[in-house]
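Chemist: Got a predicted model here, sequence first, then my questions.
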Amino acid sequence: MRSRASILIKACSIASISIALSIIFSSIAFAERLTIISSIANIRSGPGNAHDILWKVGKYHPILVLKKSGNWYHFQDFEGDKGWIHKSLVSNIPSVITNNEKCNVRSGPDTKFEILFTIKEGIPFKILKRKGNWIYVQHADGDTGWIHKSLVW
């Protein structure tokens with residue numbers, strides 16, 4: 001009888017831990033990744049135009065939606081900053097943003113290809129296609145090239 005009770009207690013403990021962890025991580029696990037489609041978008045402190053503008057972002061900036069409130073999305077960006085944006089300013093277009101101090105954008109999907117330009121951290125791009133560990137991207141100004149997936153979020 002003692003071993004049966006011990007097994008039941010262990011099973012309940014494991015179930016409780018699993019439920020707690022799923023609650024803690026559920027908002028991130030089910031977060032939707034979207035992309036800014038406006039040339040400039042205001043990031044606000046709350047869900048509405050009456051809230052302060054915290055900062056502005058440009059086209060193709062990717063975000064991770066944490067919560068929805070009516071027509072407003074509470075999100076987190078690649079740096080962990082949080083804010084609110086109106087749903088009309090985002091879409092599910094695939095995008096990335098550079099997360100390295102120096103990123104080479106190349107003419108082809110390999111380090112053997114010519115460097116077309118070098119950019120800094122925080123530059124967003126629309127994803128056009130993928131090939132292995134390489135991503136063919138387009139900047140809002142029209143420039144295109146290949147970037148390694150380790151250099152982006």
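Modeler: Looks like it came in fine.

Chemist: Please name the nearest non-neighbouring residue to residue 97.
Modeler: residue 124 (4.6 Å; CB to CB, 6 or more residues apart in numbering). From N, CA and C alone the C-beta is placed, and that goes for glycine too.

Chemist: Quick check: the gap between the one you found and residue 140.
Modeler: 7 Å (CB to CB, to the nearest Å).

Chemist: ok, these two, which is more surrounded?
Modeler: Under the criterion of other CB atoms under 10 Å, the comparison of residue 124 against residue 140 puts residue 124 first, with 23 against 15.

Chemist: Now do the buried residues in stretch 112-127.
Modeler: 119, 122, 123, 124, 125, 126, 127 (16 or more other CB atoms under 10 Å).

Chemist: from those, which two are the most distant?
Modeler: Spatial extent of the buried residues of stretch 112-127 (CB to CB) is set by the pair 122 and 127 at 16.8 Å.

Chemist: tell me the average confidence for stretch 43-50?
Modeler: Summarised as a single mean, pLDDT over stretch 43-50 is 98.

Chemist: Ends of it, what's the gap?
Modeler: Counting by CA to CA, to the nearest Å, you get 12 Å between the two ends of stretch 43-50.

Chemist: what comes into contact with it?
Modeler: 51-57, 69-70, 72, 74, 83-85 (CB atoms under 8 Å, 6 or more residues apart in numbering).

Chemist: Kindly recompute the last result at 7 Å.
Modeler: Among residues not part of stretch 43-50, those counted as contacts by CB atoms under 7 Å, 6 or more residues apart in numbering are 51-57, 69-70, 72, 83-85.

Chemist: Equivalent analysis for stretch 103-121, please.
Modeler: In contact with stretch 103-121 (CB under 7 Å, 6+ apart) are residues 98-102, 131-132, 134, 143, 145-147, 151.

Chemist: Go again with 6 Å.
Modeler: With contacts defined as CB atoms under 6 Å, 6 or more residues apart in numbering, stretch 103-121 is touched by 98, 99, 101, 131, 134, 145, 146, 147, 151.

Chemist: what is residue 147 paired to in the beta sheet?
Modeler: residue 135 (DSSP bridges).

Chemist: got the buried residues for stretch 139-153?
Modeler: Going by 16+ other CB under 10 Å, stretch 139-153 has these buried residues: 139, 145, 146, 147, 148, 151, 152, 153.
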